[in-house]
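Enquirer: here is my input, please return the structure:
(2 chains)
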Amino acid sequence: MRNFFPPNWKSLKSHFPIIVWPYLASLLLILLGGFIAPGFESPDHLLLILNLASFLGLVAAGQSLVILSGGIDLSVSSVITLAGVVSATLMNGSNKNMLQVILIVLILGMVIGFINGIGVAFIKIHPMVMTLGMTSIVQGGALLFTNGAPKGSAAPLLSHIATGRLFGIVPYILLIWISIAIIIILFMHRSIWGRWLYAIGNSPKAAFYSGIKVNWVLVSLYLISSTLAALAGVLLTGYTRTSYLNIGDPYQLSSIAAVVIGGSSILGGEGTYLGTIAGCIIMVLLQSILPIISVPEAGRRIISGTLILLLLLLYGRGRKIRS
Amino acid sequence: MSFNIQKNTRYNIVETISLSHSWPVIIIYGVLIVMLFILSTINPTFPSVFSVTNLLSTALPLIFAALAQTSVVLVKGIDLSIGPAMSLIMVIAAKIMKDSPVSIGLTICICILIGLLIGLLNGLMVVVARLQPIIVTLASSSILAGLALYIMPQPGGYIPAIMNTIATGALVFFPVPLIILIGVLLLIWLPLHSSRIGQSWFAIGGNEAGAYYSGINTAKAKLSAFLVAGLFASLGGLTLAFQTLTGDPMIGDPFTLNSIAAVVLGGTSLAGGRGGAIGTIGGVLVLTIAVDILFFFQVSAYYQYVFSGAIVIFALALVAFSEFIRSKHFKQLQGQLKRKGDNS
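Expert: Reported below is the predicted structural model:
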């Protein structure tokens, strides 16, 4: 076991200089929000923000791993939608078969992720295209399953988990996010698998020649990504109590944006989930500050796009060719 | 020591084609011919001026979007802002265009200038600020979509009806979309492709550092690729406006990802440096005709999503497989050369 779990956090520490930035930025945004709307910085409201960030955080966890390996997963949005409509339809508002349905949906996510992984790793289809094609297929699958009109609603117990709070304070869903985040960070930085991940992200060829089973590691990443997206879809259904056919759409690009804002390189090999967490919080903060100052949808998009660019100008710039 | 490959290795016709760089393009046009054949058997009106015009005008906006994507993909970038850029151009055109010929001409010029400006800003962020293209265009797609929504919150606006007649009509026997397409290829793509800049796109896509060290102005070349993308996106937006005679701030959204699908179907490598406009146009036509055929078989619209995804994945798997065969052949070739080198 000691071989699988290296004994220190060295690989996490090396990322600290860059992930300071996203945390600083999120702090700044919170202060700004408090300045604009008093009460924005109150613990209760911040917990609400974290609650909302949890969904994005789960999706971005898988995305973070995939991007770290130099790939990209565009299919998360459709997997969320499929998971949402399937779980709402099958649960149909009763607690009876909740666990079975969740299991079915997670397995569905695993299968989709597995196919993605096989396509990317073994058939060598470019990840962007493979997951794009898969998006189309899964979207079609969701439409066929619901026949265009989603029915049903989430089990009451699931809604309770998704909206309830432990001791009336900490949202359960935040606890789920934290526990998954801890597991992922542990595996990224204190397991051989995590080292493989960084090695593949830096150079798949070098990783291959050092004896890493590159293809299977890649398959595992896409599998994790789709499974977490499916989990987020189920929880999102619980949160909104029903499901609709574009429930997942906003997560496709915002999960990528969260990962990149969190200091990961889109080219792979650089970044950590700890940064992505800050990225998710920033994304949710942006989405919740702007409505307060009653900026219309159009202005919201313009401002959040500009802010993403500005943040990246601060710490996301590439190296010169010469260096 | 001689490197005369021809003399010692004989390839049959299949191997020759599979070793050629245009192999994916040949595949896609083969598929296109088969699809045209199927379409002509199931659609009695198919090979007629009217139906060809119809087909091409359906395909034209995506062709422009995909050409825009092609130029960026060639320099190893990707442009996620094409769809929103098209929406923005479309709503601007629908907002300011009036009936007079002067106004029409002026509007077209303004729209093209705005397209170029979008390309310029994207390009500057990539070249000067050294951000990754995918992220820059992700952010700018949000900005452009916001601008389009700001200008026109609901679909509306006005485009003179004459533009529709022109854009989707036929001049005697020549469908106007075909004329536009050939015009764009001859007047924009071909000169670009054969110019120093166009050639440097391929060099950059192949190996940017290598291109830089061999004296290519990589900054200028990358910027020009984004400018061309902006130009084509504006043409696509204008085409959309002329075809629907309105402005719609959301209509462009699907074009971003569809353009990527068309580009890779047409044999342009997302890793950069390989591909071109001819293949891309083939890719768009295959996607469009596939939807047409499904429509004729009265397949449910929901299956169309499934099929179009499956087509893209299958085609890419085919290309990947051919790459595998190619690389095997190249290895053989290298082995032969090496052996010869050792002998002499």
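Enquirer: mind listing what the closest residue to B:Val136 other than its chain neighbours touches?
Expert: Nearest non-adjacent residue to B:Val136, counting by Cβ to Cβ, 6 or more residues apart in numbering or on different chains: B:Met125, 4.3 Å away. In short, each C-beta sits where N, CA and C put it, glycine included. Residues near B:Met125 by Cβ atoms under 8 Å, 6 or more residues apart in numbering or on different chains: A:Leu309, B:Leu131, B:Val136, B:Ser140.
Enquirer: what is the nearest of those residues to A:Gly33?
Expert: When the contacts of B:Met125 are compared for distance to A:Gly33 (Cβ to Cβ), A:Leu309 wins out at 20.2 Å.
Enquirer: contacts only, for that closest one.
Expert: Each residue near A:Leu309 by Cβ under 8 Å, 6+ apart is listed here: B:Met125, B:Leu131, B:Val136, B:Ala139, B:Ser140.
Enquirer: now do 6 Å
Expert: Contact partners of A:Leu309, counting by Cβ atoms under 6 Å, 6 or more residues apart in numbering or on different chains, are B:Ala139.
Enquirer: before we move on, what about the one 3 residues further on?
Expert: Taking Cβ under 6 Å, 6+ apart as the definition of contact, the neighbours of A:Leu312 are B:Leu131.
Enquirer: what residues sit buried inside the helix or strand that contains it?
Expert: Using DSSP states H and E, A:Leu312 sits within helix A:297-315. Within helix A:297-315, the residues that count as buried by 16 or more other Cβ atoms under 10 Å in any protein chain shown are A:298-305, A:307-309, A:311-312, A:315.
Enquirer: where in the stretch 1-150 of chain B is pLDDT low?
Expert: By pLDDT under 70, the low-scoring segments of the stretch 1-150 of chain B are B:1-21.
Enquirer: what does it put close to chain A?
Expert: Residues of the stretch 1-150 of chain B that fall close to chain A, judged by Cβ under 6 Å from any Cβ of the partner chain: B:129-132, B:134-135, B:138-139, B:142-143, B:145-146, B:149-150.
Enquirer: list only buried entries from the residues you listed.
Expert: Among the residues of the stretch 1-150 of chain B next to chain A, those classed as buried by 16+ other Cβ under 10 Å are B:Leu131, B:Gln132, B:Ile134, B:Ile135, B:Leu138, B:Ala139, B:Ser142, B:Ile143, B:Ala145, B:Gly146, B:Leu149, B:Tyr150.
Enquirer: out of these, flag the one nearest to A:Pro127.
Expert: Nearest to A:Pro127 among those: B:Ile134, at 11.8 Å, using Cβ to Cβ.
Enquirer: let me see the contact set for the most centrally placed residue in chain B.
Expert: Closest to where the C-alpha atoms of chain B average out (Cα atoms, centre = their mean) is B:Ala66, at 2.3 Å. B:Ala66 is in contact with B:Ser259, B:Ala262, B:Val263, B:Thr280, B:Val284, counting by Cβ under 6 Å, 6+ apart.
Enquirer: thinking again about what came up before, now secondary structure too, for the residues of the stretch 1-150 of chain B next to chain A, in CSV please.
Expert: Converted to CSV, the residues of the stretch 1-150 of chain B next to chain A look like this (DSSP: H, G, I helix; E, B strand; the rest coil):
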residue, secondary structure
B:Ala129, coil
B:Arg130, coil
B:Leu131, coil
B:Gln132, coil
B:Ile134, helix
B:Ile135, helix
B:Leu138, helix
B:Ala139, helix
B:Ser142, helix
B:Ile143, helix
B:Ala145, helix
B:Gly146, helix
B:Leu149, helix
B:Tyr150, helix
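Enquirer: show me what secondary structure element comes after the host helix or strand of the residue nearest to the centre of chain B.
Expert: According to DSSP H and E, B:Ala66 maps onto helix B:49-74. Following helix B:49-74 in sequence order, the next helix or strand is helix B:82-96 (DSSP H and E).
Enquirer: still on that earlier bit, quick check: the farthest pair among the buried residues of helix A:297-315?
Expert: The largest separation in the buried residues of helix A:297-315, counting by Cβ to Cβ, is between A:Ala298 and A:Tyr315 at 28.0 Å.
Enquirer: and the stretch 201-323 of chain A, which residues reach chain B?
Expert: Applying Cβ under 6 Å from any Cβ, we find that the stretch 201-323 of chain A lies next to chain B at A:253, A:260, A:266, A:297-298, A:301-302, A:304-305, A:308-309, A:312-313, A:317-318, A:321.
Enquirer: for A:Gly263, helix, strand, or coil?
Expert: At A:Gly263 the chain is in coil, as set by three-state DSSP.
Enquirer: mind listing what's buried along the helix holding B:Ala66?
Expert: Buried residues in helix B:49-74, counting neighbours by 16+ other Cβ under 10 Å, are found at B:51-74.
Enquirer: now it, how far from the centre of its chain.
Expert: Helix B:49-74 sits 7 Å away from the centroid of its parent chain (Cα atoms, centre = their mean, to the nearest Å).
Enquirer: can you check stretch A:94-107 too?
Expert: In this view, stretch A:94-107 has its centroid 22 Å away from the chain centroid, taken as Cα atoms, centre = their mean.
Enquirer: where does B:Gly215 fall, phi/psi-wise?
Expert: B:Gly215 adopts backbone torsions of phi 90, psi 10, taken as degrees, to the nearest 10.
Enquirer: so who does it touch?
Expert: Contacts of B:Gly215 by Cβ under 6 Å, 6+ apart: none found.
Enquirer: so what pLDDT did it get?
Expert: B:Gly215 carries a pLDDT value of 89.
Enquirer: re earlier: state the pair within the buried ones among the residues of the stretch 1-150 of chain B next to chain A that is farthest apart.
Expert: Spatial extent of these (Cβ to Cβ) is set by the pair B:Gln132 and B:Tyr150 at 26.8 Å.
Enquirer: that older thread, and the residue nearest to B:Val136, what element?
Expert: Assigned by DSSP H and E, B:Met125 falls in helix B:101-127.
Enquirer: how far does that helix sit from its chain's centre?
Expert: With Cα atoms, centre = their mean as the basis, helix B:101-127 stands 18 Å off its chain's centre.
Enquirer: ok, now stretch B:147-157?
Expert: Distance, stretch centre to chain centre, for stretch B:147-157: 26 Å (Cα atoms, centre = their mean).
Enquirer: and the contacts of that stretch?
Expert: Applying Cβ under 6 Å, 6+ apart, the contact partners of stretch B:147-157 are A:Glu297, A:Ala298, B:Ser87, B:Leu88, B:Val91, B:Ala94, B:Lys95, B:Thr246, B:Gly247, B:Asp248, B:Pro249.
Enquirer: and that stretch, how far apart are its ends?
Expert: From its first residue to its last, stretch B:147-157 covers 16 Å (Cα to Cα, to the nearest Å).
Enquirer: which one is A:Leu236 nearest to, not counting chain neighbours?
Expert: A:Phe55 (5.5 Å).
Enquirer: any stretches of chain A with poor pLDDT?
Expert: Ranges of chain A meeting pLDDT under 70: A:1-8, A:11, A:316, A:321-323.
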